[in-house]
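Participant: Everything below, folded, please.
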Amino acid sequence: MVGKLIITTSTDPFTRGLDYLYGVRSLALDAEMIDVVFDMENRKPLCMWIGEHIEAVNAKLENYLQACHDCFHPWEQPAIQIFAAPIAQSFGLDGLCNLQTNPITILIDVGRVIPADWLLLVVHEYAHAHAGSPGHHEKYARSLSHLCLGLGIAPPESIQESQLRFYPDYRPTQNPLAFWRGESAVSY
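Facilitator: The predicted structure is shown next:
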């Protein structure tokens, strides 16, 4: 079902969070992208926070996904599901679009980007889904520009891959895991 990831029937926050992390691991391009399940130092606080808060975070991302959909005619909207997930630092990604799942899966590491800029990261990944291929090529640039215009974001000035890789420009956080541990003072 689009937009829903079966977490668990457990009411225990730790179990719910751990089950959620294993669920998003199955949707990532590589399961190792979600490696916090093996981080014994951070696993318990992350799972507890996720078990108690992930539905609210994902609901916010769903709203941003719908805003992106609304920029296109219904027949131009790809089937997409979106989830927040702490992506392993070693991959160097703030978000990803897995075109190999059905529906297409967007994973956003909401801990890496300030909440006010989550939409910008969703727009970037949605453009990949709409273009139907990875990379920052001309088709991606057209999708991204269309989304930006529809959402009132300045479109990219160039279609150079080096500039499109980081567009729209969003602000990173200081400590990505702080959000996932519930230590961030910023609300979402």
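Participant: Could you use CA atoms for every contact and neighbour count after this?
Facilitator: Noted.
Participant: Angles on the backbone of the one residue sitting closest to the centre of the chain, please.
Facilitator: Centroid-nearest residue in the chain: Ile108, 1.7 Å away (criterion: Cα atoms, centre = their mean). Note on Ile108: its backbone torsions stand at phi -120, psi 130 [degrees, to the nearest 10].
Participant: Equivalent analysis for Val113, please.
Facilitator: Dihedral angles of Val113 (phi, psi; degrees, to the nearest 10) stand at phi -130, psi 140.
Participant: try Pro103
Facilitator: When read as degrees, to the nearest 10, the backbone of Pro103 gives phi -70, psi 170.
Participant: Would you confirm that it contacts Ile80?
Facilitator: Yes. Judged on Cα atoms under 8 Å, Pro103 makes contact with Ile80 at a distance of 5.1 Å.
Participant: With neighbour numbers in mind, choose between those two.
Facilitator: A direct count of neighbours by other Cα atoms under 10 Å for Pro103 and Ile80 places Ile80 higher, at 23 against 16.
Participant: Okay, and the beta partners of that one?
Facilitator: Under DSSP bridges, the beta-bridge partners of Ile80 are Ile104.
Participant: next one: the one 4 residues further on
Facilitator: Beta-bridge partners recorded for Ala84 (DSSP bridges): Ile108.
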